[in-house]
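>>> Predicted model and sequence below, questions to follow.
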Amino acid sequence: MDPLLEVKIGCLVALLFLTLVCGLIPAQVQWFQMKAAKGRHRRILSFVGCFAAGVFLGACLMHMVADALTDIQGELGKQLQQVRWGKEWGVGWMGSPPSSTYLDYPFAELIISIGFFLVFLTESLVLHCCRSTDHKSTPMSRPPPSSPSILHSHGVPAPSGHSPVSFRALVLFVSLSLHSLFEGLAVGVQQGEAGALQLCLAILAHKGVIAFSLGLQLVQSGTRPRWRLLYLGVFALMSPSGMAVGIGLSLSGGAAGGLAMALLEGVAAGTFLYITFLEILPQELSSPEPPLAKFSFIALGFSIMSVIAVWA
């Protein structure tokens with residue numbers, strides 16, 4: 001077997017195993033159940049949640065948004081260059097080149113903002129529908145407000161009264177899964193053993209921390225155990241799946257739709273931006289623990305992700 005292919009397959013297995021193990025620890029261990037915690041146990045879990053919030057903040061700013069900005073601008077630059085030199089038709093530029101205003105427009109930031117507002121709009125619609133349904137129902141038919149499995153992330157009862165997951169958990173899972181898919185794809189298309197191994201080690205360094213934080217968020221958002229396992233299983237498969245696709249592309253010599261993937265990555269970064277700043281951080285900061293202690297754990301999580309960004 002080709003040594004490069006052996007390295008990539010080894011990275012694939014390592015990513016799958018590490019993600020599953022780190023994600024299942026908070027999801028399956030009873031100690032991490034916030035609703036059963038009291039006193040010191042609850043304070044520790046709150047600080048662990050703050051650390052996870054810092055991890056998501058670092059992943060958002062130092063990894064997802066940074067990668068999206070770089071990839072979108074790079075792909076748009078390639079497209080403009082192809083149009084300018086007429087590579088697609090084999091002719092030169094027929095007309096005036098793009099203006100400096102067009103070239104300097106922050107397209108990447110616009111795509112990320114679209115992802116942000118897409119989740120904002122979706123959540124607003126969900127909340128509007130939930131409140132409309134709740135007003136129409138009688139007091140006897142309303143679900144009990146203390147049931148964590150049927151509450152929305154803002155405490156609004158779901159229309160059906162039996163929703164197994166929160167909106168926050170769903171969007172968090174989708175955005176992280178898309179980012180993991182692109183990370184795996186980047187490893188799969190590497191043409192050298194050293195480059196593939198270095199990139200895989202960088203992904204492994206933060207993948208375990210993010211998987212642990214995702215599992216913790218799924219637990220604290222009231223997601224049912226069956227759905228937690230499904231989310232974590234699919235999330236663990238995303239990087240290996242992207243890597244498998246990248247390996248296939250590298251072996252066949254095909255080219256991926258770079259611009260389409262970069263745009264999708266930008267939308268995913270925008271959704272993650274919304275969840276981080278408007279869902280996760282406010283929830284952790286609203287706990288009664290000392291503010292400086294919460295700041296310290298959030299800063300610790302962010303610092304770890306920012307250090308990992310040196311290699312990732």
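Thanks, I have it.

>>> This structure: helices as residue ranges?
With DSSP state H as the criterion, the chain has helices at 3-28, 39-58, 65-85, 100-104, 107-136, 167-188, 193-220, 225-252, 258-275, 281-285, 291-308.

>>> Residue 123 is in contact with residue 167, isn't it?
Yes. Between residue 123 and residue 167 there is a contact under Cβ atoms under 8 Å: 5.9 Å. Placement of C-beta: from N, CA and C, glycine included.

>>> picking that back up, tabulate the helices of the chain in a markdown table, adding columns for mean neighbour count and mean pLDDT.
Converted to a markdown table, the helices of the chain look like this (neighbours: other Cβ atoms under 10 Å; pLDDT from 0 to 100):
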| stretch | mean neighbour count | mean pLDDT |
| --- | --- | --- |
| helix 3-28 | 18 | 88 |
| helix 39-58 | 21 | 89 |
| helix 65-85 | 16 | 80 |
| helix 100-104 | 9 | 56 |
| helix 107-136 | 15 | 82 |
| helix 167-188 | 23 | 84 |
| helix 193-220 | 21 | 84 |
| helix 225-252 | 19 | 86 |
| helix 258-275 | 22 | 84 |
| helix 281-285 | 16 | 87 |
| helix 291-308 | 17 | 92 |
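
>>> Against residue 296, how distant is residue 289?
Taking Cβ to Cβ, to the nearest Å as the measure, residue 289 falls 11 Å from residue 296.

>>> which residues does the closest residue to residue 74 other than its chain neighbours contact?
Nearest residue to residue 74 in three dimensions, chain neighbours excluded: residue 262, at 7.4 Å (Cβ to Cβ, 6 or more residues apart in numbering). Taking Cβ atoms under 8 Å, 6 or more residues apart in numbering, we find residue 262 in contact with 68, 71-72, 74-75.

>>> didn't residue 270 look like it was pressed against residue 114?
Yes. The criterion here is Cβ under 8 Å, and residue 270 meets it with residue 114 at 6.2 Å.

>>> thinking again about what came up before, let me have the contacts of residue 262 in TSV, adding distance to residue 129 as columns.
Listed next are these as TSV, based on distance: Cβ to Cβ, whole Å:
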residue	distance to residue 129
68	30
71	35
72	33
74	40
75	37
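
>>> Leaving out chain neighbours, which residue sits closest to residue 178?
residue 268 (4.0 Å).

>>> do the same with residue 301
Residue 301 sits nearest to residue 54 (Cβ to Cβ, 6+ apart), 2.4 Å away.

>>> same deal with residue 184?
Residue 184's closest residue in space is residue 242 (Cβ to Cβ, 6+ apart), at 2.8 Å.

>>> and the one you found, what does it touch?
Listed by Cβ under 8 Å, 6+ apart, the contact set of residue 242 reads 180-188.

>>> gap between it and residue 195?
Separation of residue 242 from residue 195 (Cβ to Cβ): 16 Å.

>>> now do residue 287
According to Cβ to Cβ, residue 287 and residue 195 sit 43 Å apart.

>>> Residue 40 too?
Distance from residue 40 to residue 195, by Cβ to Cβ: 47 Å.

>>> and what of residue 104?
Distance from residue 104 to residue 195, counting by Cβ to Cβ: 32 Å.

>>> Tell me which residue is most central in this structure.
With distances taken as Cα atoms, centre = their mean, residue 176 lies nearest the centre of the chain, 2.1 Å away.

>>> Is it correct that it is in contact with residue 271?
No. Judged on Cβ under 8 Å, residue 176 makes no contact with residue 271 at a distance of 9.7 Å.

>>> what's the overlap in contacts for these two?
Common contacts of residue 176 and residue 271 (Cβ under 8 Å, 6+ apart): none found.

>>> which residues sit against stretch 11-22?
With contacts defined as Cβ under 8 Å, 6+ apart, stretch 11-22 is touched by 184, 187, 196-197, 200, 203-204, 207-209, 211-212, 215, 232-233, 235-237, 239-240, 243-244.

>>> show me what contacts the residue nearest to residue 178?
Each residue near residue 268 by Cβ under 8 Å, 6+ apart is listed here: 64, 68, 115, 174-175, 178-179.

>>> and which of these is nearest to residue 226?
Residue 226 lies nearest to residue 174 out of these, by Cβ to Cβ, at 18.2 Å.

>>> How about the closest one: what's its closest non-neighbour residue?
Residue 174 sits nearest to residue 271 (Cβ to Cβ, 6+ apart), 7.0 Å away.

>>> Could you report the separation of the one you found from residue 263?
13 Å.

>>> try residue 293
40 Å.

>>> Please tell me how far residue 51 sits from residue 108.
Taken as Cβ to Cβ, the span from residue 51 to residue 108 is 29 Å.

>>> My error: substitute residue 175 in the last question.
16 Å.

>>> Repeat that for residue 206.
Distance from residue 206 to residue 108, by Cβ to Cβ: 22 Å.

>>> Ok, residue 116 next?
Distance, residue 116 to residue 108, using Cβ to Cβ: 13 Å.
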